[in-house]
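> Using only what follows, build the 3D model:
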Amino acid sequence: GMSVCASCGSGQVAGGAGLTLCSKCAAGYFSSAPGQSTCMACGIGTYASSTGLQGCRWCSPGTYSEVMGPSRCSSCNIGSFSSGAGLSTCSSCGAGTFAQGTGQMNCDTCSAGSFASGTGVTTCYACNAGTFAAGFGEVLDTYWATLMTQQHAFQFTKNLSVHKKWHQWTMAWH
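Residues are numbered from 1 along each chain as shown. Coordinates of the predicted model:
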């Protein structure tokens with residue numbers, strides 16, 4: 001017979017007494033050192049995609065994991081993003097930006113002539129007749145646009161845009 005019992009290797013465990021074989025840790029779990037009796041769950045923001053692993057991997061940008069022990073990370077929903085690795089949630093795109101697809105690492109900026117007034121949006125909308133958005137990532141104040149006549153809304157937006165451009169230009173010279 002045997003004179004000593006052997007330790008299970010990393011990524012494997014012997015969960016009880018009198019066992020003749022080691023068991024691989026399940027996907028989502030790991031064992032980093034030999035001789036362990038239980039596998040540890042991967043933490044939030046990490047995953048283990050296969051069995052018998054010695055450690056977990058970080059969720060890549062564009063994905064997240066908000067639970068312990070996942071075998072894979074989830075893709076960010078449309079209208080949201082995650083720019084870093086190992087995140088537990090995705091962030092909503094800010095006003096003036098959008099994300100059409102899932103698994104985005106950043107949000108795209110609305111082009112000139114379009115706007116996105118809310119957060120977490122999936123598309124930018126073209127400006128209505130009588131209004132415009134001169135810059136990229138423009139956030140139109142829909143309250144003013146609907147409250148005033150189209151002519152006044154146009155003038156308000158124009159003045160706001162000109163003021164913003166003048167401020168950016170003057171700040172560049174300081």
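> now the strands: where do they sit in the protein?
Using DSSP state E, the strands of the chain run over 12-13, 23-24, 29-30, 40-41, 46-47, 57-58, 63-64, 74-75, 80-81, 91-92, 97-98, 108-109, 114-115, 125-126.
> Need the ones you listed in CSV (columns: mean pLDDT).
Converted to CSV, the strands of the chain look like this (pLDDT from 0 to 100):
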stretch, mean pLDDT
strand 12-13, 92
strand 23-24, 94
strand 29-30, 96
strand 40-41, 96
strand 46-47, 97
strand 57-58, 97
strand 63-64, 98
strand 74-75, 97
strand 80-81, 96
strand 91-92, 96
strand 97-98, 92
strand 108-109, 91
strand 114-115, 82
strand 125-126, 84
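> Turn those strands into TSV, columns for mean neighbour count.
Every C-beta, even on glycine, is put in place using the N, C-alpha and C of the backbone. Converted to TSV, these look like this (neighbours: other C-beta atoms under 10 Å):
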stretch	mean neighbour count
strand 12-13	22
strand 23-24	16
strand 29-30	23
strand 40-41	18
strand 46-47	23
strand 57-58	16
strand 63-64	23
strand 74-75	16
strand 80-81	22
strand 91-92	17
strand 97-98	23
strand 108-109	18
strand 114-115	23
strand 125-126	13
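> which residue sits closest to Trp94 in space, ignoring its chain neighbours?
Actually, residue 94 is Gly rather than Trp. Nearest in space to Gly94, with sequence neighbours left out and distances taken as C-beta to C-beta, 6 or more residues apart in numbering, is Thr119 at 5.8 Å.
> now swap in Ser10 and tell me
Nearest residue to Ser10, sequence neighbours excluded (C-beta to C-beta, 6+ apart): Gln54, at 4.2 Å.
> go on, Gln104?
Phe81 (4.3 Å).
> With Gly79 instead?
Closest to Gly79 by C-beta to C-beta, 6+ apart is Gly120, at 3.9 Å.
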